[in-house]
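J.: Here is my input, please return the structure:
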Amino acid sequence: MKRRNSMKVIEVQKFGAPEVMDLVEKPIPAPGPGEVLVRVKAVGVNPVETYIRAGIYPRLPALPYTPGGNVAGIVHECGPGVEDWSTGDRVYSSATISGAYGEYSLCTSDQIFYLSEKLSFSQGAAIGVPAATAWRALFLRGGAKRGESLLIHGASGVVGQAAVQLAKKAGMTVTGTAGSKKGCDLVSDIGADAVFNHNDKGYVQKIAESSGVGFDLILEMLADVNLENDLELLAPRGRVVIIGSRGRIEIDPRATMGKETDIRGFSLFSATGDDNKQIHAGLREAVESGALVPKISCEKALQEAPAAHLLVMKDGNCGKIVLLP
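T.: Next up, the predicted model:
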């Protein structure tokens, strides 16, 4: 097979502001044993990548590095011993070896999954991290069950949207919050039973009144702002799963005692191999059934990665931000 010699990738030479990301030419890697080279069609931009780039995440890569682990594309070449994949297969990734922000990405054979023809490549870039986060937070960390009540604090974001759709498919009663009328309308349109604007005065009291005895499960995207309120909104023996937080918060532990509620941490990086098998089997079934349909906020060229990093941290995106190599 004739191979190109080089590819364009985003590279980070030092941790810092978005401007530390440079577009460079690098050799296209050849897949080794058990590895697959993917021709990238779309790259998903995730908030965690901004923390890593800034050097403030607990687990940091060695420098220099190419950001991201979330691509959708076509299998270009398989290394020795790869039997599950063939050239031309449509795939998305949950992680990569070489990074995601580039024209090609090197993955292990178990880091990629079939991308349904029902989804575009840009939509596929919203599956491997955001939808996987929603599935694992709901069912593996949260223990979600049919008939339970769920509050998604930050439901208009890409993880929140996936959680709404997956929870409704699972037979849960779903309440969501968003920060704008546009976001609230979106959350309602994709199936939430009730939606509240978290910028409205007194919205927590309104949620409490609507929920009755409280929520069995809360998915929390901004724990440093909302966790104290979440503990009040939980039903007896309810659980709150912390998906995102941007700072510290002080809480009274007694808020968990009377109702015997749980605070559960979450990191997709902690998923086991068995977790990933369950997650992506569940996501595939949800996509094929039409229950999970990711929405795209905007598409940007690969060289616009710094702008994408600024945008992904702003409120009101209401969908996935995607880079197109």
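
J.: what's the neighbour count on residue 87?
T.: Neighbours of residue 87 under the rule other C-beta atoms under 10 Å: 13. (Glycine included, C-beta is placed from N, CA and C.)

J.: ok, it - contacts?
T.: 75-78 (C-beta atoms under 8 Å, 6 or more residues apart in numbering).

J.: And for residue 211?
T.: 149, 151, 175, 233, 235.

J.: gap between it and residue 311?
T.: Distance, residue 211 to residue 311, using C-beta to C-beta, to the nearest Å: 33 Å.

J.: How is the protein divided into domains?
T.: Listed by automatic domain parsing, the domain ranges of the chain are 6-126+294-324, 130-269.

J.: Output those domains in a markdown table, with mean pLDDT and distance to residue 278 appended to each entry.
T.: Compiled in a markdown table, these are given as follows (pLDDT from 0 to 100; distance: least, C-beta to C-beta, whole Å):
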| stretch | mean pLDDT | distance to residue 278 |
| --- | --- | --- |
| domain 6-126+294-324 | 96 | 12 |
| domain 130-269 | 95 | 7 |
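
J.: give me every residue that touches the residue most central in space within the chain.
T.: Residue closest to the average C-alpha location in the chain (C-alpha atoms, centre = their mean): residue 130, at 1.8 Å. Counting by C-beta under 8 Å, 6+ apart, residue 130 touches 44, 46, 158-159, 162, 294, 320.

J.: How many residues are close by residue 303?
T.: 14.

J.: Oh, that last question was meant for residue 318, not what I typed.
T.: 21.

J.: The longest helix belonging to the chain: which residues count as buried?
T.: Criterion DSSP state H: the longest helix present in the chain is helix 273-288. Residues 275-276, 279-280, 282-284, 286-287 are the ones in helix 273-288 that count as buried (16 or more other C-beta atoms under 10 Å).

J.: Which other helices and strands does that helix contact?
T.: strand 112-114, helix 132-135, helix 158-169 (3 or more C-beta pairs under 8 Å, 6 or more residues apart in numbering; DSSP states H and E).

J.: repeat that for 7 Å
T.: On a contact count with 3 or more C-beta pairs under 7 Å, 6 or more residues apart in numbering; DSSP states H and E, helix 273-288 meets helix 132-135.

J.: follow-up on the earlier one: need the buried residues of helix 273-288 in a markdown table with distance to residue 82, can you?
T.: Converted to a markdown table, the buried residues of helix 273-288 look like this (distance: C-beta to C-beta, whole Å):
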| residue | distance to residue 82 |
| --- | --- |
| 275 | 22 |
| 276 | 17 |
| 279 | 21 |
| 280 | 17 |
| 282 | 24 |
| 283 | 22 |
| 284 | 20 |
| 286 | 27 |
| 287 | 24 |
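
J.: Need these in CSV (columns: pLDDT and distance to residue 170).
T.: Below are the buried residues of helix 273-288 laid out as CSV (pLDDT from 0 to 100; distance: C-beta to C-beta, whole Å):
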residue, pLDDT, distance to residue 170
275, 95, 17
276, 94, 19
279, 97, 14
280, 97, 16
282, 97, 9
283, 98, 13
284, 97, 15
286, 98, 9
287, 97, 15
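
J.: how about the helices in the stretch 201-325 of the chain?
T.: 203-211, 223-233, 273-288, 305-312 (DSSP state H, counting those that start in this stretch).

J.: likewise the stretch 51-200 of the chain?
T.: With DSSP H, counting those that start in this stretch as the criterion, the stretch 51-200 of the chain has helices at 121-124, 132-135, 158-169, 181-189.
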